[in-house]
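Trainee: Below are the sequence and a predicted model for it; my questions follow.
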There are 2 protein chains.
Amino acid sequence: MQLEKLVAFHKTIGDVTRIRILSILANGPKHGQALAGILKLTAPTISHHITKLKDVNLVTDRREKNTVYYFLNEDVLEHYSAALPKMVSNKGDTNKVDNQKLIVEHKKILDNFFTADGRLKTIPAQRKKKMIVLYHIANSLENGRKYSEKELNEFIQTFHDDYATIRRELIIGSIMYRENNIYELNPREMWADIV
Amino acid sequence: MQLEKLVAFHKTIGDVTRIRILSILANGPKHGQALAGILKLTAPTISHHITKLKDVNLVTDRREKNTVYYFLNEDVLEHYSAALPKMVSNKGDTNKVDNQKLIVEHKKILDNFFTADGRLKTIPAQRKKKMIVLYHIANSLENGRKYSEKELNEFIQTFHDDYATIRRELIIGSIMYRENNIYELNPREMWADIV
DNA sequence: CCCCTAGTTAGATCAATGTCTAATTAGATG
DNA sequence: CATCTAATTAGACATTGATCTAACTAGGGG
């Protein structure tokens, strides 16, 4: 399911008049004048809301002689209502491991590789540990700020002397990117599993 | 559940940024800066959205040293998501009988009690039939229009001579109400099962 | 005690939206 | 064809709301 559709659905029923229309139509189809009468609104206003409800397929209509009857589509209502809770609880598959455990694990690794005053002893060989160390360093960089190579080198040197290697690793790990010798953090969603 | 709360809930998640926040928080708590970084928005904007999410109890927070962690409240999400489909499908208990059948049944009763030229022969004794007849008469009244007693009497007389009885029945059946001898239709949702 | 960082509040701006009245379209009917 | 009713469209108006910048508040830590 596309995010935009889900948003549109909730935006549509995030209105008191439209929810009332839905709950009226739950008792069976009604025509526009009836809705206007019940809700004490004018016909154009009903038209406006019905259009939005039809846009997200919550309502369909059928013409009978001169009047149009509107029908609630309950399937759509249930489908979209269930979507967000499902999306949220499904995060439990690979991603959710258990936050607390991860934090502890990371802390252990960081304690191993950093001195008490925060300097990196050696660059880890294992990919996973190396990434954790790089994340840690990158977390002290500012979002959206552009760094000259000189600035970046100096920053890295507060952690470790081999700034060249680490600078390269930051690029390879898509934690940062470089453009015309200007460095900048990538959006954190690209790399920040744990912040 | 109050209607207003349900509307507020859907209005709150009817926004792409807030849905993204929820799905990020589904992976575990995050602090504001992290959210700002991931979503590429400024801190005040995050604050704005978090406030709305807290307003409907979708998010809570906890302070840790200097930073505030935001937590998703999944229970609330599931509770409110289920509310509308439940409300809609529950209408099926007494109310939903089957529209087509009801219409036919009503028509039969009306044919019995009204002459070909639309006058009421006698006032039904059975409560249910009486109500159907009253609904029929009331459907020719205008929504929101105020009637003097004289006007109302004259209107009723187009159906039946005993306007006093019928006028009283309209009040008793909460189809109309009277205030300072001015009569007006009640909102149709109070009485219009079939329009 | 001063500063640094994280959040919030205030205020501005611009887009979206709910509602209405007036005008228009679409069928049905005499 | 003329007319009636139901619905939609157009356009106006007022409100809400998402986002930003700037200023302010609140905890820590040197």
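Mentor: On my side now, so go ahead. Numbers count the residues shown, from 1 in each chain, chains lettered A, B, ... in the order given.
Trainee: Find me whatever residue is spatially closest to residue A:59, sequence neighbours aside.
Mentor: residue A:53 (4.0 Å; Cβ to Cβ, 6 or more residues apart in numbering or on different chains). C-beta: built from backbone N, CA, C; applies to glycine.
Trainee: Could you pick out the longest helix of chain A?
Mentor: helix A:74-90 (DSSP state H).
Trainee: quick one: the residue nearest to residue A:59 and residue A:22 touch, right?
Mentor: Yes. Between residue A:53 and residue A:22 there is a contact under Cβ atoms under 8 Å: 7.4 Å.
Trainee: By mean pLDDT, which helix or strand of chain A comes out lowest?
Mentor: Sorting the helices and strands of chain A by mean pLDDT, DSSP states H and E puts helix A:99-113 at the bottom, at a mean of 67.
Trainee: next helix or strand past that one?
Mentor: Using DSSP states H and E, the next helix or strand after helix A:99-113 towards the C-terminus is helix A:127-138.
Trainee: Point out the other helices and strands that that following helix packs with.
Mentor: Here helix A:127-138 touches helix A:99-113, helix A:163-172, going by 3 or more Cβ pairs under 8 Å, 6 or more residues apart in numbering or on different chains; DSSP states H and E.
Trainee: is any part of that helix close to DNA strand C?
Mentor: No. Applying Cβ under 7 Å from any atom of the strand, one finds helix A:127-138 separated from DNA strand C by no less than 13.2 Å.
Trainee: List the contacts of residue A:121.
Mentor: A:113, A:114, A:115 (Cβ atoms under 8 Å, 6 or more residues apart in numbering or on different chains).
Trainee: Residue A:72 now?
Mentor: Residue A:72 neighbours (Cβ under 8 Å, 6+ apart): A:22, A:25, A:26, A:29, A:58, A:59, B:88.
Trainee: How about the contacts made by the fifth one?
Mentor: What it means is residue A:58. A:9, A:12, A:13, A:22, A:72, A:73, A:76, A:77.
Trainee: Distance to residue B:37 and pLDDT for those residues - can I get that in a markdown table?
Mentor: Converted to a markdown table, those look like this (distance: Cβ to Cβ, whole Å; pLDDT from 0 to 100):
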| residue | distance to residue B:37 | pLDDT |
| --- | --- | --- |
| A:9 | 28 | 96 |
| A:12 | 31 | 96 |
| A:13 | 32 | 95 |
| A:22 | 38 | 94 |
| A:72 | 42 | 91 |
| A:73 | 40 | 89 |
| A:76 | 36 | 90 |
| A:77 | 36 | 93 |
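Trainee: wait, which of those is closest to DNA strand C?
Mentor: Nearest to DNA strand C among these is residue A:12, at 7.9 Å by Cβ to the nearest atom of the strand.
Trainee: helices and strands around the helix or strand hosting the closest one, which ones?
Mentor: Element membership for residue A:12, per DSSP H and E: helix A:3-13. Where contact means 3+ Cβ pairs under 8 Å, 6+ apart, helix A:3-13 is packed against helix A:16-25, helix A:43-55, helix A:74-90, helix B:3-13, helix B:16-25.
Trainee: And DNA strand C, is the last one touching that?
Mentor: Translated: helix B:16-25. No. Figure legend: helix B:16-25 not in contact with DNA strand C (Cβ under 7 Å from any atom of the strand); closest approach 11.3 Å.
Trainee: How about residue A:124: what's its closest non-neighbour residue?
Mentor: Using Cβ to Cβ, 6+ apart, the nearest residue to residue A:124 is residue A:130, at 4.3 Å.
Trainee: hang on, that neighbour packs against residue A:122?
Mentor: No. In terms of Cβ under 8 Å, residue A:130 does not count as a neighbour of residue A:122; the distance is 10.4 Å.
Trainee: before we move on, the earlier item: now that we have the contacts of residue A:72, which one has the most neighbours?
Mentor: The most crowded member of the contacts of residue A:72 is residue A:58, carrying 25 neighbours; neighbours defined as other Cβ atoms under 10 Å in any protein chain shown.
Trainee: any idea how far that one is from DNA strand C?
Mentor: 14 Å (Cβ to the nearest atom of the strand, to the nearest Å).
Trainee: Quick check on that residue: phi, psi?
Mentor: As for residue A:58, its main-chain torsions (degrees, to the nearest 10) stand at phi -80, psi -20.
Trainee: ditto for residue A:70
Mentor: Backbone phi and psi, for residue A:70 under degrees, to the nearest 10, turn out to be phi -110, psi 140.
Trainee: Which strand residues bridge it?
Mentor: Bridge pairing for residue A:70 (DSSP bridges) gives the partners residue A:30, residue A:61.
Trainee: I'd like the distance between it and residue A:149.
Mentor: 64 Å (Cβ to Cβ, to the nearest Å).
Trainee: Same check on residue A:164?
Mentor: Taking Cβ to Cβ, one finds residue A:164 at 10 Å from residue A:149.
Trainee: out of those two, which sits in the busier spot?
Mentor: residue A:149 (13 against 10).
Trainee: who's more crowded, residue A:130 and residue A:122?
Mentor: Legend: neighbour count by other Cβ under 10 Å for residue A:130 and residue A:122, higher for residue A:130 (17 against 10).
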